[in-house]
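> What follows is a protein structure lacking sequence information:
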Ligand code: PDD
């Protein structure tokens with residue numbers, strides 16, 4: 001696998017970052033995961049816009065222009081295989097460990113591509129869990145300790161995702177956005193500081209509106225989720241995954257639902 005690190009292409013296994021990098025010491029950085037289908041970066045502008053928003057939120061200047069990002073990321077892709085590019089920008093290497101920003105510092109820019117699945121997603125099981133993360137979840141920060149612990153908890157309970165609840169309301173998954181079909185209406189939490197504005201989420205809403213399916217961006221409470229007819233998870237690497245079991249209870253009839261099927265199909269058509 002070829003990587004890009006600070007202006008150079010090199011094998012990922014040989015890419016090295018100094019231990020005083022603030023990403024390593026503080027998790028002081030942001031990232032993106034951008035899918036590419038048939039060698040074409042998917043919704044690149046939306047991802048780069050979110051990257052710029054994340055950078056602004058942590059007070060870093062964008063190190064590259066959109067044209068430069070496009071060129072580098074395209075260069076990392078391996079032919080026409082379905083892949084995703086991971087990219088991260090940290091505040092860079094500081095002379096010493098100090099929480100406050102160093103007066104002068106060059107950001108560290110790292111990216112590489114990896115394969116993503118091409119088959120339809122397997123139906124998933126999920127747990128619910130209190131959202132133990134911080135209050136600025138709209139920033140795609142590399143500081144993912146809470147997300148890691150939550151996903152691990154789900155894994156150890158034989159599930160693929162943890163769906164998070166803050167003050168009785170669903171926010172999102174540990175690494176995905178959440179949709180529920182409640183009384184025939186597709187519901188997803190409205191954007192705000194407590195969830196990542198998912199690029200896949202936005203596309204699913206776009207497609208649902210094109211299909212004239214009823215959908216709402218609004219608070220979704222835990223009790224509604226528990227009685228939802230369908231639950232889905234969206235992300236750049238997993239597209240749209242139907243959840244058939246929540247906290248050990250069947251969702252609907254324990255099979256991917258009819259609205260999931262329509263949107264998944266619409267998504268596949270849109271991709272190609
Ligand atoms: N995660 N919410 C969280 C907390 C996420 O980490 C992600 C994606 C999403 C979905 O966003 P998008 O549709 O733009 O990928 C929502 C990526 C894939 C990851 O961390 O690997």
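Looks like it arrived, so ask away. The structure presented is a predicted model; accordingly, all values stated were derived computationally and were not measured.

> switch to C-alpha atoms for all contacts and neighbour counts from now on
Will do.

> which residues of the protein fall in helices?
For the chain, applying DSSP state H gives helices covering 22-26, 44-57, 66-76, 145-156, 199-210, 222-226, 258-271.

> Out of these, which gets nearest to residue 180?
helix 222-226 (6.5 Å; CA to CA).

> Which neighbouring elements make contact with the closest one?
strand 177-182 (3 or more CA pairs under 8 Å, 6 or more residues apart in numbering; DSSP states H and E).

> near the ligand at all, the strand it packs on?
Yes - using CA under 6 Å from any ligand atom, strand 177-182 comes into contact with the ligand via residue 177.

> list the contacts for residue 31?
By CA atoms under 8 Å, 6 or more residues apart in numbering, the contact list for residue 31 reads 51, 86-89, 140-142.

> List the ones among these that fall in strands.
86-89 (DSSP state E).

> Please spell out the ChimeraX selection for the buried subset of the residues you listed.
Listed next is the ChimeraX selection for buried residues among the ones in strands among the contacts of residue 31, using 16 or more other CA atoms under 10 Å:
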select :86,87,88,89
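
> what's the closest of the ones in strands among the contacts of residue 31 to residue 174?
Of all the ones in strands among the contacts of residue 31, residue 174 sits closest to residue 86, with 17.3 Å by CA to CA.

> Grab the nearest non-local neighbour of that closest one.
Nearest non-adjacent residue to residue 86, counting by CA to CA, 6 or more residues apart in numbering: residue 33, 4.7 Å away.

> residues near that neighbour, how many?
For residue 33, the tally of surrounding residues (other CA atoms under 10 Å) stands at 19.

> Tell me the spacing between it and residue 188.
21 Å (CA to CA, to the nearest Å).

> pLDDT weak spots in the stretch 1-150 of the chain?
Scanning the stretch 1-150 of the chain for pLDDT under 70 picks out no residues.

> What parts of it come near the ligand?
residue 33.

> Contacts only, for the residue nearest to residue 86.
Residue 33 neighbours (CA under 8 Å, 6+ apart): 47, 84-87, 236-237.

> Distance of it relative to residue 235?
Counting by CA to CA - residue 33 and residue 235 are separated by 9 Å.

> What residues are bridge-paired with the closest residue to residue 214 other than its chain neighbours?
In this structure, residue 214 finds its nearest non-sequential neighbour in residue 185, 5.3 Å apart by CA to CA, 6+ apart. With DSSP bridges applied, residue 185 shows beta-bridge pairing to residue 182.

> number of nearby residues for residue 185?
16.

> Am I right that it is in contact with residue 212?
No - counting by CA atoms under 8 Å, residue 185 stays clear of residue 212, with 11.2 Å between them.

> Quick one: residues contacting residue 266.
Taking CA under 8 Å, 6+ apart as the test, what residue 266 contacts is residue 207.

> so how far is residue 107 from it?
Distance of residue 266 to residue 107, given as CA to CA: 39 Å.

> swap in residue 78?
26 Å.

> ditto for residue 27
According to CA to CA, residue 27 stands 13 Å off from residue 107.

> what residues are shared contacts of the two?
residue 90.

> Compare neighbour counts for those two and give me the winner.
For the pair residue 27 and residue 107, the greater number of neighbours falls to residue 107 (22 against 16), based on other CA under 10 Å.

> That one: what's its closest spatial neighbour, skipping adjacent residues?
residue 92 (4.1 Å).

> same question, residue 221
Counting by CA to CA, 6+ apart, the residue nearest residue 221 is residue 169, at 4.2 Å.

> ok so, going back, relative to residue 1, which of the helices of the chain is closest?
Closest to residue 1 of the helices of the chain is helix 66-76 (CA to CA; 8.5 Å).

> Next, the angle from that closest one to helix 44-57.
Here the directions of helix 66-76 and helix 44-57 differ by 120 degrees (axes from the mean of the first three to the mean of the last three CA atoms, to 10 degrees).
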